[in-house]
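Visitor: Requesting a structural model of the entry that follows:
(one chain, ligands or ions: 1)
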Amino acid sequence: MKWRLHGIVEPFTGLLLNAYHMSKLSKWRQQTKVTGYNDWYQGRWDYSRRINLYEAVSKQENLKDSPIDYFEFGVCGGHSFKWWLEHNTNSSSKFYGFDTFEGLPEDFGPFSKGTMAVALESLNITDPRANFYKGLFQDTLIPFLESYQNGKKKLIHMDADLFSATIFSLSQLYRFLNDGDIILFDEFAVPKHEFMAFKIFTESFYVNYEVIGAANNYLFVAVKIKK
Ligand SMILES: C[S@@+](CC[C@H](N)C(=O)[O-])C[C@H]1O[C@@H](n2cnc3c(N)ncnc32)[C@H](O)[C@@H]1O
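Guide: Just a heads-up that it's a prediction; the model follows:
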């Protein structure tokens, strides 16, 4: 500290952190069994493959008609939210969507703060099972959880891109997690963001899980909580 080490190291910290977590991700992938759908290896990335994962998880876990509580962190234009809403027919299911609806609160790679802003009203979702919470997760999630009735199987969809948003949400949800709950990640293979949050969360909270699906070279991953 005396020698102002940060002056030398700081310009390289982003690269170093990325390389460190990239190598952890590579090791994790090699050592972790995927018990369900997995399309590894694909020569090129295709974002639409996330639908293959949704379909596989829905079928494997019998989610079409079951009562679920669906949480989505990062709703944006509502594409994934609408998919799950349309593919679960149980009238007692609930769908909770969290977003600033004013875009990313921080820069994320090439996406600068404020991108992905979509007005909540423009989603045009009329299903009475859907509820939205506008604002930072850091402001909306704790008050929401104070009155949340934790009973149904949870499907938690992490699609906020950012490390901060992902680690915050997972840490708050930790005490509500039950055996069999599912967590979907939409940018799992981004080393310094969702993967870093997942690794720190599972290792710090001693979370046991099974990987039940992966698509698009692990960009999309589904894990099931084991208790
Ligand atoms: C990739 S988009 C979500 C895409 C969406 N699931 C879909 O399929 O269309 C990421 C969203 O996360 C939201 N977000 C990221 N961090 C957040 C935070 N801390 N609080 C609230 N919203 C956040 C952004 O506003 C953005 O709309």
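Visitor: Take stretch 155-163 and give me the span from its first residue to its final residue.
Guide: 20 Å (Cα to Cα, to the nearest Å).
Visitor: brain fart, stretch 31-41
Guide: Using Cα to Cα, the end-to-end distance of stretch 31-41 comes to 15 Å.
Visitor: ditto for stretch 125-141
Guide: Start-to-end, stretch 125-141 (Cα to Cα) is 21 Å.
Visitor: Name the residues of it that are buried.
Guide: Across stretch 125-141, burial judged by 16 or more other Cβ atoms under 10 Å covers 125, 130, 132, 133, 136, 137, 140, 141. C-beta: built from backbone N, CA, C; applies to glycine.
Visitor: again with stretch 176-186
Guide: 177, 181, 182, 183, 184, 185, 186.
Visitor: thinking again about what came up before, near the ligand, from the buried residues of stretch 125-141?
Guide: 136, 137 (Cβ under 6 Å from any ligand atom).
Visitor: which pair in the buried residues of stretch 125-141 spans the largest distance?
Guide: 125 and 136 (21.0 Å; Cβ to Cβ).
Visitor: is it true that residue 195 touches residue 21?
Guide: Yes: Residue 195 lies in contact with residue 21 (Cβ atoms under 8 Å); the separation is 5.9 Å.
Visitor: who has more neighbours, those two?
Guide: Between residue 195 and residue 21, counting by other Cβ atoms under 10 Å, residue 195 is the more crowded of the two (24 against 20).
Visitor: Not counting residues beside it along the chain, what's closest to that one?
Guide: residue 25 (5.0 Å; Cβ to Cβ, 6 or more residues apart in numbering).
Visitor: Quick check: residues of the chain near the ligand?
Guide: 74-80, 99-100, 103-105, 116, 136-138, 159-162, 165.
Visitor: From the residues you listed, which land in helices?
Guide: Among these, the members falling in helices (DSSP state H) are 79, 80, 137, 138, 165.
Visitor: on that earlier part again, just to be sure, which of the buried residues of stretch 125-141 are found in helices?
Guide: 137, 140, 141.
Visitor: so who does the first one touch?
Guide: Residues touching residue 137, when contacts are defined by Cβ atoms under 8 Å, 6 or more residues apart in numbering, comprise 73, 98, 160, 165, 168, 169.
Visitor: can you list those residues in a markdown table and add neighbour count and pLDDT?
Guide: As requested, the contacts of residue 137 are arranged in a markdown table below (neighbours: other Cβ atoms under 10 Å; pLDDT from 0 to 100):
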| residue | neighbour count | pLDDT |
| --- | --- | --- |
| 73 | 25 | 98 |
| 98 | 23 | 98 |
| 160 | 29 | 98 |
| 165 | 28 | 98 |
| 168 | 19 | 98 |
| 169 | 23 | 98 |
